[in-house]
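Q: Here's my sequence, what's the structure:
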Amino acid sequence: MAQETSLVTGIAGRYATALFDLARDAGQLDAVAKDLDQLSAMLAGSADLVRLVRSPVFSREDQAKAIAAVADKAGMSDLVRRFLGVAAANRRLFVLAEVIAGFRKLLSHHRGEAIADVVSAVALNDAQLAQIKSSLSSASAGNVVINAKVDPSLIGGLIVKFGSRMIDASVLTKLNNLKTAMKGVA
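A: Predicted coordinates:
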C-alpha cells in the first residue's frame, strides 16, 4: 500500500487514499468509481455545483445538506454519500475534483493499468484511439487506459502524456517553435 499512497499527495491525496482503502475493503471499488465518474460529470456540467463545492461563502452545514441531496438524487452508494458528508464537515469539498482524479489513479494502479492522456484538436475515432492504445501498450507492460480530450486550440495533431513522458505533436507547438526561431533570426 505504501507504493500506492505515493501516487497521490496533499489533502486530496489523503482523502483519495482513504476513500480507496474504504472501497477496497468493502469490495466496492467499481461502484465507487462509477459514482465518482457520475459526480465528475455533474461537476463538469454544473457551474452551480462547482460554486457550491469551491466557495467559502457557504457554511459547512449548507454544503453538507446540498451535497447529500445531490448524492441522494443521483443514487450514489452509501459509502460515497458518507465520504462526501465527511469532506463537507471538514470543509474539504473544494478538492473534490482532485480527490476523484487521485482515486482514479489509485484504482488504475491497483488494476495494473497505465493511464495515457491524449489531447487532440478534433475528436478521435475508435480506430485512431485503438491505434494509439496499441502503440502505448507495446511500450508498457500492462493495459493502457486512454483519457481522450479535445482542445481545438491545438489546430491539428495531438499531445500524449503517458507516465513521465509527453509527446507534443501539435500544430500549435510547431508554430510556436517556428515563431521563437524566427525571433532569434531577426
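
Q: CA only for contacts and neighbour counts going forward, please
A: OK.

Q: Give me the neighbour count for Asn177.
A: Around Asn177 there are 12 other residues, counting by other Cα atoms under 10 Å.

Q: so what's it scoring on pLDDT?
A: In this model, Asn177 is scored at 94, pLDDT.

Q: any idea how far it is from Thr17?
A: In this view, Asn177 and Thr17 are 40 Å apart by Cα to Cα, to the nearest Å.

Q: quick check: domain ranges of the protein?
A: Domain segmentation of the chain under automatic domain parsing yields 2-108, 115-185.

Q: Just say which of those is most tucked in.
A: Comparing these by mean neighbour count (mean count of other Cα atoms under 10 Å), domain 2-108 ranks first with a mean of 17.

Q: to the chain's geometric centre, what's the distance from it?
A: 12 Å (Cα atoms, centre = their mean, to the nearest Å).

Q: Which strand or helix spans the residue nearest the centre of the chain?
A: Centroid-nearest residue in the chain, with Cα atoms, centre = their mean: Ala101, separated by 3.5 Å. For Ala101, the host element (DSSP states H and E) is helix 96-111.

Q: What's the first helix or strand after that helix?
A: Going down the chain from helix 96-111, the next helix or strand is strand 113-120, by DSSP H and E.

Q: coming back round to it: okay, the residue nearest to the centre of the chain: pLDDT?
A: 93.

Q: how much space between it and Ser40?
A: 9 Å.

Q: Could you do Leu29 as well?
A: 16 Å.

Q: ok, now Gly112?
A: The separation that Gly112 has from Ser40, given Cα to Cα, amounts to 23 Å.

Q: again, but for Val50
A: Per Cα to Cα, Val50 is found 10 Å from Ser40.

Q: do Thr173 as well
A: According to Cα to Cα, Thr173 stands 29 Å off from Ser40.

Q: swap in His110?
A: 21 Å.

Q: swap in Val119?
A: Per Cα to Cα, Val119 is found 19 Å from Ser40.

Q: ok, Asp35 - contacts?
A: Going by Cα atoms under 8 Å, 6 or more residues apart in numbering, Asp35 touches Met76, Ser77, Val80.

Q: does the closest residue to Ala71 other than its chain neighbours count as helix, strand or coil?
A: Spatial nearest neighbour of Ala71, chain neighbours left out: Arg81 (6.0 Å); criterion: Cα to Cα, 6 or more residues apart in numbering. Assigned by DSSP: H, G, I helix; E, B strand; the rest coil, the conformation of Arg81 is helix.

Q: now do Ala123
A: coil.

Q: For this structure, which segments count as strands?
A: 113-120, 143-150, 158-162, 165-168 (DSSP state E).

Q: which residues sit against the last one?
A: Strand 165-168 is contacted from outside by Leu158, Ile159, Val160, Lys161, using Cα under 8 Å, 6+ apart.
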